[in-house]
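1. Here you go, sequence then predicted model.
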Amino acid sequence: MSGEIAQDRWHRVDPVDVPADGRVRSVVVDGRSVALARCGARLGALENHCPHQGGPLGEGSIEKGLLRCPWHGYDYDPITGQPPEGFSDGVTAYPVDERDDGVYVQLPVVPEQVRTVSDVLVETLVAHGIRHVFGMVGHSNLGFAEAMRRAEERGELTYIGIRHEGAAAFAASAYGKLTGRPAACFAIAGPGSTNLLTGLYDAKLDGSPVLAISGQVPSKVLGRGAFQDLDLTAVFKDVAVSSTAIQAGSDHAELAGLAVKHAIDGRGVAHLVLPDEVQVLPSESPAATPRGRLSTRRIRPDEDALARAAALIRDARRPVMIVGHGARGAENDVRRLAEHLNSPVLTTFKAKGLVPDTHPLGAGVLGRSGTPVASWLMNESDLLIVVGASFSNHTGIAAYMPIVQLDDDHAAIGRFDAVTVDVLGDAALSLTALIDQLPEVKADDQRPDVAERWAIWRVEKARRVNDDRGQGVSAAAVFDTLSRHLPTDAVVTVDVGNHAYSLGRYLESKGQPVLMSGYLGSIGFGYPAALGAWAAAPGRPVVAVTGDGGFGQYAAELTTAVKYGIGIKHVLLNNNALGKISKEQLAADYPVWHTSLTNPDWAEYARICGATGLRVDRRDDLETAMTELFATTGPALLCVEQDAELL
């Protein structure tokens, strides 16, 4: 080997990293970890992994001239790496040269990167449309993390490192709700993976496609009670439509592609478990592509069902449309049928904004989080045309009325109560086909009724906006102001609590979608969901609306937004309590018990985290503060001190 090539292998150590006599430390040299030790006049450099379980020798200590591994107490010569006499488990030693300008270590040329199983998996996931991963890197998922790092360098995916795995799952769930496509959440074995479960149950119950990826302990200790050893396929059995452990001999690309297929086809969670050693096995297998593996759900409905539905609609005088989250993507078709029938459109809370409240037939949200506009119109109707709604008890669709139900899911048809006519098919295709069968209708023009009911409700809202007991701001005032400032192309995420009911009731949507934890109703969803919405809708304003109880569960994710420059505009209604639970205790004739909260100054907290922090405790200051919130670049938090009695 020539002298020039040998010289290239020498790397200078930063002087601050050179240890004192009798000390050892871990030093990064040329991107590699080295245990550098000094014993008198001698310096030694060892590969920084004990030969047993990879313990970091640089974190050990030198005792009686020997370097002791911090994990297991095994001894090695700190200069040569040799074990005591009678043992053969030595550590690789590297040449060290002390020169006038510093200490140099001679390291082998870095070998060319080997393509691994993890590379095959990541390349396949990217080919199947996975573009964003939310998660936390740890000791049992490092091989897969390295493959993602390479993919990110190639510009193929974005990785967002969160502060709690639950936030990663909520973010991925929100991404799926907004786009219908899966994002991934990523965690280590044991607690990292179990922390994903709440957010994954949110995805399961709301039909959001998500890919969950778990590291796992090495196969040779799996099932033997090793550190963080859990049977993850069993743990995830209920929450996931599929849970698969990748083995050394698996068809790695096929299993990764199937996971994405299962998540999309099953509208739920697909789970991959990656044993530690399998992640880094060499592999030359090609990535799998989705060509010929995924099909559309745009299925045309049965002609007989359409005819029966059309006959019922033709005879109705006051039909009302109720649309749910399943109608997203068919907004134009919903409006076309509504305008053809002059029929009001009521939405479920999950579908808020699907038809703007500013539309002459838009009647707002129906149900517990809804408006008296919507409930009055439903009660005065003679036919309900229900599109993509789940018939949740919180929505309160009147099951005693004649109902035409349109949905693309067999299981959704008549889930809780029998319907008069069922139409199974894609929402857009079904609505278009219905319009074609309704050249003439007898329905009354209900636009005057819609306008009258809105006028009555807006008078009442104005009274509530002006309510002021001197103990904080009313919820009506907050959402009146937000309605006027909310960008028309914004995405809104909302948490669980009194503020959510108020948002559904008071916020007048111009068509902005609202993402929520629907069937699970999990507190803590709001802010992590905004991270997912940012990934799903780059360039669109993202607004998170939470209470102090929900935000407190994932408050550290504000630092995630700061780290990645995610410009979430956060409206936090603060009442220093679990306000909804307090109301429920009183409603059940119990005393309020242990629902008060001790909070930081949330505006100051935001500033400490590196974001913009604003605070309002008087209604008169709301307008200025909301203007500043939306004018701010980067993540910003507006804390509104709320009067808990003025909801």
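-> Now that the structure is in, tell me what you want to look at. Residues are numbered from 1 along each chain as shown.

2. which stretches of the stretch 201-350 of the chain form helices?
-> 232-235, 252-265, 276-279, 303-314, 331-341 (DSSP state H, counting those that start in this stretch).

3. meant to ask about the stretch 351-500 of the chain, not that
-> Here the stretch 351-500 of the chain has its helices, by DSSP H, counting those that start in this stretch, at 372-379, 427-436, 447-466, 475-485, 498-506.

4. And the fourth one, what does it pack against?
-> Applying 3 or more Cβ pairs under 8 Å, 6 or more residues apart in numbering; DSSP states H and E, one finds that helix 475-485 makes contact with helix 447-466, helix 498-506, strand 569-574, helix 622-631. C-beta coordinates here come from the backbone N, C-alpha and C atoms, glycine included.

5. just the ones you listed: most buried one?
-> Each of the helices and strands packed on helix 475-485 was scored by mean neighbour count; the highest is strand 569-574, a mean of 28, by mean count of other Cβ atoms under 10 Å.

6. Which one of the helices of the stretch 351-500 of the chain lies nearest to D17?
-> With Cβ to Cβ as the measure, helix 498-506 is the member of these nearest D17 (51.1 Å).

7. Could you identify the helix or strand that succeeds that closest one?
-> Downstream of helix 498-506, the next assigned helix or strand under DSSP states H and E is strand 514-515.

8. That following strand packs against which elements?
-> Using 3+ Cβ pairs under 8 Å, 6+ apart, strand 514-515 sits against helix 165-179, strand 491-494, helix 526-536.

9. Hmm, L306 is touching S430, no?
-> Yes - if you go by Cβ atoms under 8 Å, L306 and S430 touch, sitting 7.4 Å apart.

10. more crowded one of the two?
-> S430 (29 against 20; other Cβ atoms under 10 Å).

11. OK, contacts around that one?
-> Counting by Cβ atoms under 8 Å, 6 or more residues apart in numbering, S430 touches 300-301, 306, 387, 406, 423.

12. V514 bridge partners, please.
-> As for beta bridges, V514 partners with V492 under DSSP bridges.

13. what mean pLDDT does stretch 117-129 have?
-> On average, the pLDDT along stretch 117-129 is 98.

14. typo on my end, stretch 187-197
-> For stretch 187-197, the per-residue pLDDT averages 97.

15. So for that stretch, could I get the coordinates as CSV, restricted to C-alpha?
-> Presented in CSV, the C-alpha positions along stretch 187-197 are these (Å, rounded to 0.1, in the frame of the first residue of the first chain):
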residue,chain,number,x,y,z
ALA,A,187,-40.8,3.1,17.4
ILE,A,188,-38.5,0.8,19.2
ALA,A,189,-39.4,-2.5,20.8
GLY,A,190,-41.3,-2.7,24.1
PRO,A,191,-42.5,0.7,25.4
GLY,A,192,-41.9,2.6,22.2
SER,A,193,-44.3,0.4,20.4
THR,A,194,-46.9,0.2,23.2
ASN,A,195,-46.9,4.0,23.3
LEU,A,196,-48.1,4.0,19.7
LEU,A,197,-51.3,2.1,20.5
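
16. before we move on, the earlier item: looking at the helices of the stretch 351-500 of the chain, spot the one closest to M136.
-> Distance to M136, taken as Cβ to Cβ, is lowest for helix 498-506 among the helices of the stretch 351-500 of the chain, at 27.8 Å.

17. other SSEs contacting that closest one?
-> For helix 498-506, the packing partners by 3+ Cβ pairs under 8 Å, 6+ apart come out as helix 475-485, strand 491-494, strand 542-547, strand 569-574, helix 579-587.

18. Make CSV from the ones you listed and add mean pLDDT and distance to Q642 to it.
-> Output for the helices and strands packed on helix 498-506, formatted as CSV (pLDDT from 0 to 100; distance: least, Cβ to Cβ, whole Å):
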stretch, mean pLDDT, distance to Q642
helix 475-485, 97, 6
strand 491-494, 98, 15
strand 542-547, 98, 8
strand 569-574, 98, 5
helix 579-587, 91, 8
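
19. Could I get the ones you listed in TSV, plus columns for distance to G207?
-> Below are the helices and strands packed on helix 498-506 laid out as TSV (distance: least, Cβ to Cβ, whole Å):
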stretch	distance to G207
helix 475-485	28
strand 491-494	17
strand 542-547	22
strand 569-574	27
helix 579-587	25
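
20. picking that back up, which one of the helices of the stretch 351-500 of the chain lies nearest to G58?
-> Evaluated over those, closeness to G58 peaks at helix 498-506, with 50.2 Å, by Cβ to Cβ.

21. Nearest to L258, out of the helices and strands packed on helix 475-485?
-> Within the helices and strands packed on helix 475-485, the stretch nearest L258 is helix 498-506; the backing value is 36.4 Å (Cβ to Cβ).

22. hmm, who's touching that closest one?
-> By Cβ under 8 Å, 6+ apart, helix 498-506 touches 349, 352, 365, 367-371, 461, 464, 475-476, 478-480, 483, 492, 494, 514, 516, 545-547, 573, 575, 579-580, 583, 642, 644, 647.

23. Go again with 6 Å.
-> Residues outside helix 498-506 that contact it (Cβ atoms under 6 Å, 6 or more residues apart in numbering) are 349, 365, 369-371, 475-476, 479, 494, 545, 547, 573, 579-580, 647.

24. export that helix as CSV, just CAs?
-> What follows is helix 498-506, C-alpha atoms only, in CSV (Å, rounded to 0.1, in the frame of the first residue of the first chain):
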residue,chain,number,x,y,z
ASN,A,498,-65.6,21.6,25.8
HIS,A,499,-63.7,23.6,23.2
ALA,A,500,-64.5,20.9,20.6
TYR,A,501,-68.2,21.2,21.2
SER,A,502,-67.9,25.0,20.9
LEU,A,503,-65.9,24.8,17.7
GLY,A,504,-68.6,22.6,16.1
ARG,A,505,-71.3,24.9,17.3
TYR,A,506,-69.8,28.4,16.7
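
25. Could you figure out how far it is turned away from helix 372-379?
-> Here the directions of helix 498-506 and helix 372-379 differ by 70 degrees (axes from the mean of the first three to the mean of the last three Cα atoms, to 10 degrees).

26. so how far is helix 498-506 from its chain's centroid?
-> With Cα atoms, centre = their mean, to the nearest Å as the basis, helix 498-506 stands 22 Å off its chain's centre.

27. who's in contact with H128?
-> Each residue near H128 by Cβ under 6 Å, 6+ apart is listed here: 257, 260, 290.

28. swap the cut-off to 8 Å and go again
-> Taking Cβ under 8 Å, 6+ apart, we find H128 in contact with 256-257, 260-261, 288-290.

29. Would you write a ChimeraX line that selects the buried entries of these?
-> Selection of buried members from the contacts of H128 for ChimeraX, criterion 16 or more other Cβ atoms under 10 Å:
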select :256,257,260,261,288
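
30. got the contact list for the residue nearest to T598 when sequence neighbours are not counted?
-> Distances taken as Cβ to Cβ, 6 or more residues apart in numbering place N576 nearest to T598, at 7.6 Å, with adjacent residues excluded. Neighbouring residues of N576 by Cβ under 8 Å, 6+ apart: 548, 596-599.

31. gap between N576 and M626?
-> Counting by Cβ to Cβ, to the nearest Å, the gap from N576 to M626 is 22 Å.

32. just V114 next, same as before
-> Distance of V114 to M626, given as Cβ to Cβ: 54 Å.

33. Let me have the helices and strands packed on strand 514-515 in CSV, extended by distance to G190.
-> Shown next, in CSV, are the helices and strands packed on strand 514-515 (distance: least, Cβ to Cβ, whole Å):
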stretch, distance to G190
helix 165-179, 11
strand 491-494, 29
helix 526-536, 21
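
34. May I see the ones you listed arranged in CSV, with mean neighbour count and distance to V96 as well?
-> Formatted as CSV, the helices and strands packed on strand 514-515 follow (neighbours: other Cβ atoms under 10 Å; distance: least, Cβ to Cβ, whole Å):
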stretch, mean neighbour count, distance to V96
helix 165-179, 30, 42
strand 491-494, 28, 55
helix 526-536, 29, 46
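
35. Out of the ones you listed, which is closest to D229?
-> Comparing the helices and strands packed on strand 514-515 against D229 with Cβ to Cβ, the closest turns out to be helix 165-179 (17.8 Å).

36. same for the closest one, what does it pack against?
-> strand 132-135, strand 183-187, helix 197-206, strand 210-216, strand 514-515, helix 526-536.
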